[in-house]
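Trainee: Fold the following, please.
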Amino acid sequence: MKILFIGGTGNISASCTRLAIEKGHEVYLLIRGSGNREVPKGAKVIKGDIKDIPGTKAAIKDHYFDAVANFIAFTPEDIENDIEIFKGKADQYIFISSASCYQKPLSHPIVTESTPLKNPFWKYSRDKIACEDLLNKVYREDDFPITIVRPSLTYGTVIPVAIGSWEDYTIIDRMKKGKKVIVHGDGTSLWTITHADDFAIGFTGLLGHQQAIGHAFHITSDEILTWNQIYEAVAAAAGVKPNFVHIPSTFIAKFDEFQVGNLIGDKSVSVVFDNTKIKTFVPEFNAPITFKKGIKRTVEWFEAKTERMKIVEENNILMDKIIAAYESL
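Mentor: Okay, here's the model as predicted:
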């Protein structure tokens, strides 16, 4: 199949690009430039900015795709642009939404694709919900061939902690120095973290899947961990014993507005995903990479090149401030 990824070099999308190529698909990436990210071997690059509608139309004018997937659409305006660009240019349009769209707080502990979408705490999630609403409308009214995919917390080249790091090495450096690291709540709420290589198995199985048109899927690991276990695995990958301080999410959010959505609207809520639907549509989907094994690979990836081991002092300052304030109570 002939596939176009908008993005394709990021934390999630690079794994999807590599696996799609491995499966024999002809994969194009629409990117402005790879920056510091490597373009997966075998991918064909189309230089362009998806927000530039005339420029993108010109760049793909000689192409028709079996599937297009946008990894960097976040607002209804982004979706409106894509509809204009890709209507009549692809047999399938895949939107990467987010499992954070699911109802917060949950009215039922098991999350399926029929769980209501409602997140009053996080604008990011509400914007993704609005994108889904628009896509479902054009599917119903105009037969625009949509498939919606909702990743939860997915990692490969990021460190997936709730506070302290993401694309940077700060939390690992902090652990190695024996400094205290924040774990939200009492650390016993349940969560699922998925390696990007596992996510890619489910995702690539949906490419060109005729019966997936009009459907939404989440794709996550079946491994359920407490946040204590998650941070313990990160510390083990750093080669140290954990030095954690447990702080309520509501207290953390007083110091960092982002954490209102990130914690209260997402990671402080226990979530157990039912992956029956993706396994039904894509029977080969499984997620064999345990977090303990996967995070070790991620830390090794950071440490393979010095320039990846970036320390963000603002993260350290924020964590120190929160810890000092909490321990002074």
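Trainee: can you give me the helices in this structure?
Mentor: Ranges of helices within the chain are 13-22, 53-59, 76-86, 123-142, 170-176, 196-206, 227-238, 249-253, 258-259, 276-281, 291-303, 313-327, based on DSSP state H.
Trainee: per-domain residue ranges of this protein.
Mentor: According to automatic domain parsing, the chain comprises the domains 2-154+193-219, 158-192+223-272+289-324.
Trainee: can I get these in JSON lines with mean pLDDT?
Mentor: What follows is the domains of the chain, written out as JSON lines (pLDDT from 0 to 100):
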{"stretch": "domain 2-154+193-219", "mean pLDDT": "96"}
{"stretch": "domain 158-192+223-272+289-324", "mean pLDDT": "97"}
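Trainee: Of the ones you listed, which is nearest residue 280?
Mentor: domain 2-154+193-219 (9.7 Å; C-beta to C-beta). Quick note: C-beta positions are derived from backbone N, CA and C, even for glycine.
Trainee: Flag every buried residue along stretch 180-197.
Mentor: Neighbour-count burial for stretch 180-197 flags 180-185, 189, 191-197 (criterion: 16 or more other C-beta atoms under 10 Å).
Trainee: got the end-to-end distance for it?
Mentor: End-to-end distance for stretch 180-197, by C-alpha to C-alpha, to the nearest Å: 31 Å.
Trainee: gap between it and the chain center?
Mentor: 15 Å (C-alpha atoms, centre = their mean, to the nearest Å).
Trainee: Also stretch 98-107?
Mentor: Stretch 98-107 sits 15 Å away from the centroid of its parent chain (C-alpha atoms, centre = their mean).
Trainee: ok, residues contacting it?
Mentor: In this structure, residues lying in contact with stretch 98-107 by C-beta atoms under 8 Å, 6 or more residues apart in numbering are 111, 115-122, 124-125, 128-129, 132, 150-152, 218, 220, 261, 264-266, 269-271, 273.
Trainee: Just the buried residues of these.
Mentor: By 16+ other C-beta under 10 Å, these give 111, 115, 117, 119, 121-122, 124-125, 128-129, 132, 150-152, 218, 220, 261, 264-266, 269-271, 273 as buried.
Trainee: buried stuff in stretch 242-254?
Mentor: So stretch 242-254, judged by 16+ other C-beta under 10 Å, has buried residues 242, 244, 247, 249, 251, 252, 253.
Trainee: State the pair within those that is farthest apart.
Mentor: Once C-beta to C-beta is applied, the buried residues of stretch 242-254 give 242 and 253 as the farthest pair, at 22.8 Å.
Trainee: Could you pull up the contacting residues of the residue nearest to residue 111 when sequence neighbours are not counted?
Mentor: Of all residues not flanking residue 111 in the chain, residue 273 sits nearest, at 5.1 Å (C-beta to C-beta, 6 or more residues apart in numbering). By C-beta under 8 Å, 6+ apart, the residues touching residue 273 are 99, 110, 111, 152, 192, 218, 220, 222.
Trainee: Give me the nearest residue to the fourth one, chain neighbours excluded.
Mentor: The reference is to residue 152. Nearest non-adjacent residue to residue 152, counting by C-beta to C-beta, 6+ apart: residue 99, 3.9 Å away.
Trainee: Neighbours of that neighbour, how many?
Mentor: Residue crowding around residue 99 was assessed by other C-beta atoms under 10 Å; the count is 23.
Trainee: Same question for the one 10 residues further on.
Mentor: The criterion is other C-beta under 10 Å. On that basis, residue 109 has 10 neighbouring residues.
Trainee: correct me, but it touches residue 270?
Mentor: Yes - with contact defined as C-beta atoms under 8 Å, residue 109 reaches residue 270; the gap is 6.9 Å.
Trainee: List the contacts of residue 215.
Mentor: Taking C-beta under 8 Å, 6+ apart, one finds 113, 147, 148, 277, 281 in contact with residue 215.
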